[in-house]
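> sequence first, predicted coordinates after that:
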Amino acid sequence: MEEMMNKILNIFLTFILTAFFATSTFAATKVVWWMESSADTDPTVQEMMCDAFNAEQDEVELECVFKEDINDTIRPALLSGSGPDMFDTPGASYIKIYQDAGLVKSMQEYADQYGWQDKLLGWAYNSGVFDGELYSIPKNYETMIYFYNKTLFEENGWSTPNNLEEVESLAAKIKAKGMNVYAYGSAGWQPTHEHLVGNYFNTYAGPDNVYKALIGEKKWTDPEFVEAIELLRKHMVDEGYWSGDLETYYSLDWDDFNNEFATRGSAMLMIGTWGFNVTATNFGETSDDWDWNPLPILNSQAGSAPNYQLATGGTMSINAASKNADGAAKVIDWILSDKERALKVTGSLGYGAWLLPLKYTDADFDPNIDPRQKRFLTEFAEASDSGNYGYTTWTFYPNDPGVHIWKDMEVVWAGDITPLEFMEESQRLWDQARADDALVPVGKR
């Protein structure tokens, strides 16, 4: 009887232990990632990133959750001590306020463990380093360029502009044809204004002066910055370069202004490189052809060669409250460890999204890549490697000066304050951010 009881007890213990290890020790760690949602990219990212990760291994189960207005969505979740294990932000400058509040986990131990600094472009890696520790990694890099209707330019004998005189001469010719110079709009995303401000700072004041202002060696009230804002106001308000007039610019959303450009309502589209995909798609439905160029230099003090503004278009970080940080780090390392896969994903999106800032070589690219897109990727790499680059506001500005640069620009355009008064307030906010140790890292030029 005792022997039978011992057998029953052993069977029972074996069952309990088997069930325990099956449900705990060998269960996959679940990692939840909140991502910025986009109807154009969500299905591709789900299939080629999230599903592919889960299919390749069984240690970590990744759940991707696509969120509208990610910055507004993640803030209350982090403040409540909950939220996902991983999350996106719109750019490196947005993460700083979360890092200051202790809501983001340092990833330095994982960066050292997995060698992330060796995998990423130097400036991109450094954009997420605060106080000597890594807190965010760019999931996209981008810059500001302009697209133009190549067929329209050839029909009219127009040349692409390289300087201010050529820009204004071409604008007059385009307007004489009854078209707008540039298509653009801010409906649904007011920070669109900062794209234009950054363009004029970098092509009029010049990257060297922008760098000096970023690190505090120059004042934002210096003449070159005030003059850049005055020139932008002239082109926006007085000349109606963007979609004809200011009110129309305020009323157009993403679909509206992209359609305007594709249907010859405007001759050019000044936008970030995230516009590659939609431009190629829209022109695929027309008989017109398109191409792109770097932004023209508007002032000799900005140099002679085109500069490409450095930007991270979205970042990924780990929640300080996550109980699965090791699993989240494994997800990030998987993403950064295969250049061929990374290029396949971004290639499926027209190289306008999920362009991870890895150290690509020419041999990494699909031979069937659109030569216009490959030209951007190679020219940007060459320019940034040689030091010929500028700075975007959403990557290198701290929070308060960054919000001011787009939110209060409408007051300038309305004529309620002068460009000098606008830049005086900008300088005050920069001084306060510097005093609060709230600056975003800027690598040595």
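The structure has been received and is ready for your questions.

> was I right about V60 contacting V331?
Yes. At 6.4 Å, V60 counts as touching V331 under the criterion of Cβ atoms under 8 Å. No exception for glycine: its C-beta is placed from N, CA and C like everyone else's.

> now do the shared contacts for those two.
Jointly contacting V60 and V331 under the rule Cβ atoms under 8 Å, 6 or more residues apart in numbering are V31, F53.

> domain map for this protein?
The record's domain parsing of the chain by automatic domain parsing lists 29-141+311-385, 143-309+389-435.

> next secondary structure after the worst-scoring helix or strand of the chain on mean pLDDT?
Here the helix or strand of the chain ranked lowest by mean pLDDT, DSSP states H and E is helix 2-20, holding a mean of 52. Sequence-wise, the next helix or strand downstream of helix 2-20 (DSSP states H and E) is strand 29-36.

> now the helix or strand that that following strand is followed by: how far from the chain's centre is it?
For strand 29-36, the following helix or strand on the C-terminal side (DSSP H and E) is helix 42-45. Offset of helix 42-45 from its chain centre (Cα atoms, centre = their mean, to the nearest Å): 17 Å.

> shouldn't I174 be in contact with V181?
Yes. Using Cβ under 8 Å, I174 makes contact with V181 at a distance of 5.2 Å.

> and the domains of the chain, which one is worst for confidence?
Mean pLDDT per stretch puts domain 29-141+311-385 lowest among these, at a mean of 91.

> can you give me the end-to-end span of that one?
Terminal residues of domain 29-141+311-385 lie 39 Å apart, using Cα to Cα, to the nearest Å.

> ok, which stretches of the stretch 251-400 of the chain are strands?
Counting by DSSP state E, counting those that start in this stretch, one finds strands in the stretch 251-400 of the chain at the ranges 266-272, 290-294, 308-312, 315-318, 389-391.

> what's the angle between the first one and strand 308-312?
Yep, that's strand 266-272 we're talking about. Using axes from the mean of the first three to the mean of the last three Cα atoms, to 10 degrees, one finds that strand 266-272 and strand 308-312 are set 50 degrees apart in direction.

> contacting residues for P306?
N293, P294, L295, P296, I297, A383, N388.

> nearest to Y204 among the residues you listed?
I297 (8.3 Å; Cβ to Cβ).

> that closest one against T203, yeah?
Yes. Using Cβ under 8 Å, I297 is in contact with T203, at 5.3 Å.

> looking at these two, which is more packed in?
Neighbour totals were compared for I297 and T203, and T203 leads with 27 against 22 (other Cβ atoms under 10 Å).

> hmm, back to that, and of the domains of the chain, who's closest to G443?
domain 29-141+311-385 (4.8 Å).

> name the residues contacting each of I297 and T203.
By Cβ under 8 Å, 6+ apart, the residues touching both I297 and T203 are N307.

> centre of the chain versus the host helix or strand of E230, how much separation?
For E230, the host element (DSSP H and E) is helix 223-233. Taking the mean of its C-alpha atoms, helix 223-233 sits 25 Å from the chain's own mean (Cα atoms, centre = their mean).

> same for that helix, what does it pack against?
Helices and strands touching helix 223-233, by 3 or more Cβ pairs under 8 Å, 6 or more residues apart in numbering; DSSP states H and E, are helix 192-200, helix 207-214, helix 409-413, helix 419-435.

> now those helices in JSON lines, with distance to I137?
Output for the helices and strands packed on helix 223-233, formatted as JSON lines (distance: least, Cβ to Cβ, whole Å):
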{"stretch": "helix 192-200", "distance to I137": "22"}
{"stretch": "helix 207-214", "distance to I137": "21"}
{"stretch": "helix 409-413", "distance to I137": "30"}
{"stretch": "helix 419-435", "distance to I137": "23"}
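
> single out the most deeply packed of the ones you listed.
Greatest average neighbour count among the helices and strands packed on helix 223-233 goes to helix 192-200 (a mean of 22), per mean count of other Cβ atoms under 10 Å.

> for that helix, output the C-alpha coordinates as CSV.
Only the C-alpha atoms of helix 192-200 are listed here, as CSV (Å, rounded to 0.1, in the frame of the first residue of the first chain):
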residue,chain,number,x,y,z
THR,A,192,4.8,71.1,-40.2
HIS,A,193,5.8,74.8,-39.7
GLU,A,194,9.1,73.7,-38.1
HIS,A,195,10.1,71.9,-41.3
LEU,A,196,10.1,75.3,-43.1
VAL,A,197,11.8,77.1,-40.3
GLY,A,198,14.6,74.5,-40.2
ASN,A,199,15.0,74.7,-43.9
TYR,A,200,15.5,78.4,-43.9
